[in-house]
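J.: mind folding the following:
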Amino acid sequence: MPNRLAAATSPYLLQHADNPVDWWEWSDEAFVEAAHRDVPVLLSVGYAACHWCHVMAHESFEDEDTAKQVNAEFVAIKVDREERPDIDAVYMAATQAMTGQGGWPMTCFLTPSGEPFHCGTYYPPTPRSGMPGFRQLLGAVTKAWRDDGERVRRSAGEIAARLADNAAATLPPGAVDPDSLDRAAATLGELFDPRAGGFGGAPKFPPSMALEFLLRHHERTGSGDALRLAALTCERMARGGMYDQLAGGFARYSVDAAWVVPHFEKMLYDNGLLLRVYAHLSRITGAALPRRIAEETAAFLLRDLRTAEGGFASALDADTEGVEGLTYAWTPAQLREVLGEDDGSWVASLLTVTDRGTFEHGSSTLQLLADPDDPERWERVRPTLLASRNTRAQPDRDDKVITAWNGMAILALAEGGAALGHPEWVDAAAAAADLLLRLHVVDGRLRRSSRDGVVGNAAGVLEDHGCLADALLALHQATGSPRWLTAAGEVLDIALEHFADPERPGTFYDTADDAEALLHRPREFTDNATPSGSAAMASALLTASVLVDGPARYRDAAEAALRSAGTLAEKHPRFAGHWLTAAEAMVRGPLQVAVVGPDSDPARDALLAHARHIAPGGTVIVPGQPDAPGVPLLADRPLVHDVPAAYVCRGFVCDRPVTTVEELTASLGLRP
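T.: Below you'll find the model as predicted:
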């Protein structure tokens with residue numbers, strides 16, 4: 001019989017709707033029930049594409065005896081971390097404080113007032129590798145609660161107070177200037193893996209935001225080292241098993257340091273962020289590899305993650321029928337069976353598929369370590385392999401449309417589509433943005449997610465506002481339409497009103513001032529798998545500051561935000577890539593290019609295409625007719641002798657208008 005999760009919109013919660021555990025969604029009613037029964041709360045947090053979440057569900061939450069114990073001794077609450085990142089942040093801080101590490105599934109035991117007293121992650125059904133069995137842990141928690149409940153409550157209260165103090169702490173502000181950016185780039189160089197690219201060891205995550213910073217740093221300073229670090233990392237990731245060599249798109253991370261074996265889930269945010277990086281690298285170098293990866297990644301987004309409503313789904317699962325890699329791994333015999341002896345053997349050598357295997361059970365992930373010696377042959381057999389793979393069981397798709405993650409995809413598609421000449425990407429970005437503004441804005445406020453055209457109840461958090469605003473500003477630049485600029489301003493104004501800390505200029509909370517009260521009000525400065533909400537806001541505010549008329553409050557807020565993260569960005573650049581990306585744009589001005597002329601005028605289109613192709617990352621580029629209504633950057637920008645023109649500005653200082661691509665190159669300070 002389905003439990004209370006049967007009516008949920010989250011695919012993760014629905015995965016648990018048939019569990020014998022009597023799950024509750026996060027709600028006041030669940031905590032009231034715990035207080036009424038005088039039992040602890042078991043909080044389980046995960047997400048749909050999480051491998052170990054599935055494992056713990058199969059081992060424990062689907063087990064009748066375990067469920068009876070949970071139902072008798074606890075009120076059990078299940079949370080989708082992607083739908084409620086605020087809850088996840090609060091209790092992840094507790095888990096990390098208690099255990100020194102975090103991850104999902106996250107398993108926390110709380111008092112009926114929500115204060116944590118024991119936290120962990122995955123627990124096996126029976127004791128293993130120094131971990132207690134889950135039922136054993138349940139029994140120990142129940143005994144402590146019954147026999148020493150007063151001490152447990154007192155300890156939980158002390159833990160909650162310390163967590164609140166930690167959440168309120170901030171780093172001292174720091175300078176954001178060319179010297180500090182040089183030092184951040186140098187630190188990344190010291191942390192760089194010279195053989196495989198990227199930073200650190202296994203597991204290795206795609207450092208998309210740090211790469212974008214390095215590309216912008218190269219463009220501003222001419223640093224060959226910055227470009228080398230970014231280009232080598234991009235090549236190694238694209239040639240390894242973490243990249244889908246048949247269908248495009250990146251897996252979440254590599255379990256090894258050389259990008260060979262991925263954790264197979266494919267996340268929307270990774271692919272949006274990486275699409276932006278590869279499109280940018282393609283513009284800088286003109287090399288074939290980054291352009292191919294950008295185009296294949298965009299194709300993956302549009303083909304495999306686009307929803308019927310026009311948004312983008314959150315993820316493809318790590319598992320297929322409970323097995324990681326079942327869809328994606330190959331043996332030499334399987335390749336020969338699909339392609340025949342000659343082609344199969346050739347592809348096995350090309351893609352490093354060996355009898356010994358690079359993955360499990362003698363199978364291999366696909367790596368394209370060098371370009372094929374016969375490109376036409378590869379292009380002939382690749383669709384055959386993909387068609388065969390598509391007949392295998394496929395991973396499930398998490399169809400949630402998350403505002404922030406869609407914002408990252410919209411920005412990348414709009415920016416990359418405009419720069420690389422793919423108007424269909426821009427059209428897809430506009431359709432997704434239209435969905436968000438139509439469905440995710442309820443009574444003037446932003447919601448976190450929707451599914452199948454039904455918006456969820458969770459309020460939008462700071463990253464939703466920052467990423468959506470940045471995406472809308474990118475669409476304004478890609479299309480020239482004032483609609484997107486107006487909408488971006490509305491989103492930013494709401495964020496400044498409800499998320500900014502009035503006592504600390506430049507700092508933001510991750511939840512609104514009128515949002516549901518949690519154990520404490522979370523705020524996160526570091527960039528992790530996605531940009532922090534504060535960094536996303538800084539980026540959007542900076543871009544908006546040169547696109548709108550009126551007071552300088554957007555610029556002031558952006559500068560204050562960047563100063564608040566200055567120490568973090570300089571000393572820990574691996575965890576401040578998005579901050580550093582915005583800082584590079586601020587140090588440049590940001591650069592602004594207004595391209596004026598009649599729509600579809602070949603001369604205007606040539607200037608616009610050139611600006612989009614050569615202008616450094618972070619440059620604000622807007623096309624349109626002179627004095628177009630609702631587009632301040634085009635105001636007082638006339639044609640030059642009835643000829644389309646480009647106006648290049650830095651801050652509040654503009655060069656004379658130019659009418660040729662050669663003059664535009666010179667005005668941007670670039671070599672022809």
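
J.: where in the protein is pLDDT low?
T.: 1, 551, 671-672 (pLDDT under 70).

J.: I'd like to know how far residue 605 sits from residue 646.
T.: Distance, residue 605 to residue 646, using C-beta to C-beta, to the nearest Å: 12 Å. C-beta here means a position set from N, CA and C on the backbone, and glycine is covered the same way.

J.: residue 260 now?
T.: From residue 260 to residue 646 the distance is 46 Å (C-beta to C-beta).

J.: who has more neighbours, the two?
T.: Each of residue 260 and residue 646 has its neighbours counted (other C-beta atoms under 10 Å); residue 646 has more, 28 against 18.

J.: distance between the helix or strand containing that one and the chain's centre?
T.: Residue 646 is part of strand 645-650, with elements assigned from DSSP states H and E. What separates the centre of strand 645-650 from the centre of its chain is 32 Å, taken as C-alpha atoms, centre = their mean, to the nearest Å.

J.: from the contact counts, what lies against that strand?
T.: Identification of packing neighbours for strand 645-650 by 3 or more C-beta pairs under 8 Å, 6 or more residues apart in numbering; DSSP states H and E yields strand 591-596, helix 602-614, helix 661-667.

J.: determine which of the ones you listed approaches residue 174 most closely.
T.: strand 591-596 (24.0 Å; C-beta to C-beta).

J.: give me the contact list for that closest one.
T.: Applying C-beta atoms under 8 Å, 6 or more residues apart in numbering, the external contacts of strand 591-596 come out as 546, 604, 607-608, 611, 615-616, 618-626, 633-634, 637-639, 644-650, 664, 668.

J.: what segments of the stretch 251-400 of the chain are strands?
T.: Secondary structure of the stretch 251-400 of the chain by DSSP state E, counting those that start in this stretch: the strands cover 253-254, 262-263, 266-267, 315-316, 319-320, 323-324, 397-398.

J.: and these as TSV, adding distance to residue 355 and mean neighbour count?
T.: Below are the strands of the stretch 251-400 of the chain laid out as TSV (distance: least, C-beta to C-beta, whole Å; neighbours: other C-beta atoms under 10 Å):
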stretch	distance to residue 355	mean neighbour count
strand 253-254	23	23
strand 262-263	21	22
strand 266-267	28	26
strand 315-316	29	27
strand 319-320	23	19
strand 323-324	21	18
strand 397-398	33	22
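
J.: I'd like the ones you listed as TSV, with distance to residue 203 appended.
T.: Listed next are the strands of the stretch 251-400 of the chain as TSV, based on distance: least, C-beta to C-beta, whole Å:
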stretch	distance to residue 203
strand 253-254	5
strand 262-263	7
strand 266-267	14
strand 315-316	17
strand 319-320	17
strand 323-324	14
strand 397-398	21
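
J.: and what about residue 544, helix, strand or coil?
T.: helix (DSSP: H, G, I helix; E, B strand; the rest coil).

J.: what about the closest residue to it other than its chain neighbours, which helix or strand?
T.: With C-beta to C-beta, 6 or more residues apart in numbering as the criterion, residue 544 has its nearest non-adjacent residue at 4.8 Å, and that residue is residue 554. Using DSSP H and E, residue 554 sits within helix 553-564.

J.: equivalent analysis for residue 623, please.
T.: Going by DSSP H and E, residue 623 is part of strand 620-624.

J.: elements contacting that strand?
T.: Using 3+ C-beta pairs under 8 Å, 6+ apart: strand 620-624 touches helix 462-479, strand 591-596, helix 602-614.

J.: okay, the ones you listed, which one's buried deepest?
T.: helix 462-479 (a mean of 29; mean count of other C-beta atoms under 10 Å).

J.: return the alpha-carbon coordinates of it using PDB.
T.: As requested, the backbone C-alpha atoms of helix 462-479 are provided in PDB (Å, rounded to 0.1, in the frame of the first residue of the first chain):
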ATOM      1  CA  LEU A 462      19.100  32.300  -3.800                       C
ATOM      2  CA  GLU A 463      20.700  30.200  -6.500                       C
ATOM      3  CA  ASP A 464      17.400  30.000  -8.400                       C
ATOM      4  CA  HIS A 465      17.200  33.800  -8.500                       C
ATOM      5  CA  GLY A 466      20.900  34.400  -9.400                       C
ATOM      6  CA  CYS A 467      21.100  31.700 -12.100                       C
ATOM      7  CA  LEU A 468      17.700  32.600 -13.600                       C
ATOM      8  CA  ALA A 469      18.600  36.300 -13.700                       C
ATOM      9  CA  ASP A 470      22.000  35.500 -15.300                       C
ATOM     10  CA  ALA A 471      20.200  33.300 -17.900                       C
ATOM     11  CA  LEU A 472      17.700  36.000 -18.800                       C
ATOM     12  CA  LEU A 473      20.400  38.500 -19.300                       C
ATOM     13  CA  ALA A 474      22.200  36.100 -21.600                       C
ATOM     14  CA  LEU A 475      19.000  35.700 -23.600                       C
ATOM     15  CA  HIS A 476      18.600  39.500 -23.800                       C
ATOM     16  CA  GLN A 477      22.000  39.700 -25.300                       C
ATOM     17  CA  ALA A 478      21.400  36.700 -27.700                       C
ATOM     18  CA  THR A 479      18.100  38.100 -29.000                       C
END
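
J.: who's in contact with the residue sitting nearest the centre point of the chain?
T.: Taking C-alpha atoms, centre = their mean, the centroid of the chain lies closest to residue 269, which sits 3.1 Å from it. If you count contacts by C-beta under 8 Å, 6+ apart, residue 269 has them with 404-405, 408-409, 529-530.

J.: repeat that for residue 191.
T.: Applying C-beta under 8 Å, 6+ apart, the residues near residue 191 are 199-200, 574.

J.: which residues sit in contact with the closest residue to residue 528 other than its chain neighbours?
T.: In space, and not counting its chain neighbours, residue 528 is closest to residue 575: 7.1 Å by C-beta to C-beta, 6+ apart. Contacts for residue 575 (C-beta under 8 Å, 6+ apart) come out as 526-528, 568.

J.: tell me the one among these nearest to residue 4.
T.: Closest to residue 4, out of all of those and judged by C-beta to C-beta, is residue 528, at 30.9 Å.

J.: okay, now that closest one: neighbour count?
T.: Neighbour number of residue 528 under other C-beta under 10 Å is 10.

J.: where does it land in three-state SS?
T.: coil.

J.: about what we covered before: looking at the contacts of residue 575, state which has the most neighbours.
T.: Neighbour max across the contacts of residue 575 (other C-beta under 10 Å) = residue 527, 28 neighbours.

J.: OK, contacts around it?
T.: 209, 535, 575-579.

J.: surely residue 282 and residue 290 touch.
T.: Yes - the criterion here is C-beta atoms under 8 Å, and residue 282 meets it with residue 290 at 4.1 Å.
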